[in-house]
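K.L.:
3D model of this:
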Amino acid sequence: MKRRIKRISPLQAGKMLGALYACMGLILLPFFALAAVAGAFAPSTEQSAGASAPALFVGMMFGFGIFMPIIYGVMGFIGGIIAAALYNVFARWIGGIEVEVE
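P.N.:
As a prediction, the model looks like this:
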């Protein structure tokens with residue numbers, strides 16, 4: 001039996017994609033932490049009065065690691081709302097996606 005998806009709730013799609021993208025951001029967290037640790041051991045050749053380049057890099061990587069799940073989640077939420085709204089418009093014109101169910 002074939003069924004057709006005629007409409008997707010934009011808010012629900014946004015919540016689902018926001019949660020999924022936030023989880024992807026958490027999966028990437030160890031890579032940012034690893035980059036921060038690797039940057040901590042990088043030799044510094046700059047002799048300025050400010051922060052050294054490796055320390056700045058370490059701080060940025062830890063900051064990205066903390067904020068990336070939040071940023072990914074927000075962007076997934078916004079992207080999910082836009083994608084569902086576009087799907088609803090196109091589904092009205094061409095019919096939507098057909099799925100086969102038992």
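K.L.:
Okay, helices next: where are they in the chain?
P.N.:
Secondary structure of the chain (DSSP state H): helices at 10-40, 53-94.
K.L.:
State the mean pLDDT of the first one.
P.N.:
Spelled out, that is helix 10-40. Taken as a whole, helix 10-40 has an average pLDDT of 87.
K.L.:
Can you mark which positions in it are buried?
P.N.:
By 16 or more other Cβ atoms under 10 Å, the buried positions in helix 10-40 come out as 10, 13-14, 16-18, 21-22, 25, 32, 35-36, 39. Glycine gets a C-beta too; all of them are placed from N, C-alpha and C.
K.L.:
got JSON lines for those residues, with distance to Val99 too?
P.N.:
Putting those into JSON lines (distance: Cβ to Cβ, whole Å) gives the following:
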{"residue": "Pro10", "distance to Val99": "20"}
{"residue": "Ala13", "distance to Val99": "16"}
{"residue": "Gly14", "distance to Val99": "22"}
{"residue": "Met16", "distance to Val99": "17"}
{"residue": "Leu17", "distance to Val99": "19"}
{"residue": "Gly18", "distance to Val99": "24"}
{"residue": "Tyr21", "distance to Val99": "24"}
{"residue": "Ala22", "distance to Val99": "27"}
{"residue": "Gly25", "distance to Val99": "30"}
{"residue": "Phe32", "distance to Val99": "38"}
{"residue": "Ala35", "distance to Val99": "41"}
{"residue": "Ala36", "distance to Val99": "44"}
{"residue": "Gly39", "distance to Val99": "47"}
